[in-house]
Each structure stands twice: as C-alpha cells, then as structure tokens.
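Student: quick one: sequence and predicted model below, then my questions.
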Amino acid sequence: MKREITEFCKANNLTSNQFFGKEEIGGDLDLRNLTSIPEGFNPTVGSYLDLRNLTSIPEGFNPTVGGYLALRNLTSIPEGFNPTVGGDLYLGNLTSIPEGFNPTVGGDL
C-alpha cells in the first residue's frame, strides 16, 4: 500500500479495507478539515460523510453513504462521479456538471 494511503488511514483512524470501501464504516466519518483526499479513497459509510472543505476530488471517487454527503466547496466534479447517497448530497458551489452525472440520492441534491 502506498505510503500516502497508509498515512491517511493512520491520521483518520481508518483501516485499509475501510479506505477502499471493502469494509463499512458503521457511523459518521467527519473529515471536514481535509482539503484533499488520496486517489483510491472510496469509503462505504453507514451515516454521514463530511468532506465540506475539499476543493477537488480524484477521478474514481464514488463513495456509498447512508446519510448525507457534504462536498460544499467543490466547484467542479470529474466525469464519472456518481455517488450513492441515502440522504442529502451537498454540492452548493458547483459551477458546472459533466455530462452523464447521475448520482443516486435519497434526499435533496
């Protein structure tokens, strides 16, 4: 496993299986202080995932979230970004949406 991923997991109290979405994170995952995430991060979160201060997301980022997903500071999203969100998906600062954007959202978008 890459050193960056190992350090990310250690700093955020995650296992590598949780990082890659192979093991569900049962509750909330509050990462609101992060401004970036490593490539390959694709968690499955039982409740909410707060990433409100990210300014960009890597290609392939498609988390599964039971509650809300907060991505408030993104101004654009990569093609292929289609998360599964049981609650609300917060993308309030987007200035464009790529063709094919089709998330699964149980609450508000």
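Tutor: Yep, that arrived. Residues are numbered from 1 along each chain as shown.

Student: now stretch 34-48, how far from the centre of its chain.
Tutor: For stretch 34-48, the distance from its own C-alpha centre to the chain's C-alpha centre is 4 Å (Cα atoms, centre = their mean, to the nearest Å).

Student: separation between residue 71 and residue 93?
Tutor: If you measure residue 71 against residue 93 using Cβ to Cβ, to the nearest Å, the figure is 9 Å. From N, CA and C alone the C-beta is placed, and that goes for glycine too.

Student: contacts for stretch 55-67?
Tutor: Where contact means Cβ atoms under 8 Å, 6 or more residues apart in numbering, the residues beyond stretch 55-67 that reach it are 21, 28, 35-49, 51, 69, 71, 73-87.

Student: buried set for that stretch?
Tutor: 57, 61, 63, 64, 65, 66, 67 (16 or more other Cβ atoms under 10 Å).

Student: residue 72 and residue 90 touch, don't they?
Tutor: Yes. Checked against Cβ atoms under 8 Å, the pair residue 72 and residue 90 is within contact range at 5.2 Å.

Student: neighbour count: residue 71 and residue 93, which is higher?
Tutor: The neighbour count for residue 71 versus residue 93, taken as other Cβ atoms under 10 Å, is higher for residue 71 (25 against 12).
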